[in-house]
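Colleague: For reference, the sequence and a predicted model appear below.
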Amino acid sequence: MQPVHGLHPQRGPFVAAVGQHDVDRTITAFYEQASYLQAHGRNIVNVILVDFRSLDTLGEITVLAVAALGVFALMRLRDGPGQGDGA
């Protein structure tokens with residue numbers, strides 16, 4: 001099966017469009033070197049999440065915690081007064 005208008009039959013238009021451009025690997029090279037030398041970690045993904053992007057990760061965890069508290073509060077309101085306190 002031949003690609004139609006530059007589209008790969010199994011991958012779709014987005015992958016075909018991305019595959020036609022050269023990728024700048026300078027950031028990849030930085031994280032590959034810095035993850036071991038500066039952060040002393042071997043797993044690049046963990047080092048990026050914990051060391052380099054820690055404040056962003058903390059913000060995401062905070063958003064999830066606030067959402068969980070909101071769901072808990074809505075569930076308590078649905079039960080009505082005196083029903084969720086075990087009395």
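Modeller: The structure has been received and is ready for your questions. Quantities reported herein were computed from a predicted structural model and do not represent experimental measurements. Numbers count the residues shown, from 1 in each chain.
Colleague: contacts, neighbours, all on C-alpha from now
Modeller: Fine.
Colleague: longest helix in this structure, by residue count?
Modeller: As assigned by DSSP state H, the longest helix anywhere in the chain is helix 54-79.
Colleague: From residue 68, how far out is residue 50?
Modeller: Residue 50 sits 22 Å away from residue 68, taking Cα to Cα, to the nearest Å as the criterion.
Colleague: thinking again about what came up before, in the longest helix of the chain, what counts as buried?
Modeller: In terms of neighbour count (16 or more other Cα atoms under 10 Å), helix 54-79 has no buried residues at all.
Colleague: give me the low-pLDDT residue ranges for the chain?
Modeller: The model of the chain has pLDDT under 70 over residues 1-20, 80-87.
Colleague: domains for it, by residue range?
Modeller: 1-52, 54-87 (automatic domain parsing).
Colleague: got a list of contacts for stretch 25-43?
Modeller: 44, 47-48, 51 (Cα atoms under 8 Å, 6 or more residues apart in numbering).
Colleague: Kindly format the C-alpha coordinates of it as CSV.
Modeller: Provided in CSV are the C-alpha atoms of stretch 25-43 (Å, rounded to 0.1, in the frame of the first residue of the first chain):
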residue,chain,number,x,y,z
ARG,A,25,18.8,17.1,19.8
THR,A,26,20.6,19.8,21.9
ILE,A,27,18.1,19.5,24.8
THR,A,28,18.2,15.7,24.7
ALA,A,29,22.0,15.8,24.9
PHE,A,30,21.8,18.2,27.9
TYR,A,31,19.5,16.0,29.8
GLU,A,32,21.5,12.9,29.0
GLN,A,33,24.6,14.4,30.4
ALA,A,34,23.2,16.4,33.2
SER,A,35,21.0,13.7,34.6
TYR,A,36,24.0,11.6,35.6
LEU,A,37,26.6,14.3,36.3
GLN,A,38,24.5,16.9,38.1
ALA,A,39,21.6,14.9,39.6
HIS,A,40,23.5,11.6,40.0
GLY,A,41,20.6,9.6,38.5
ARG,A,42,20.5,7.0,35.9
ASN,A,43,16.8,7.1,35.0
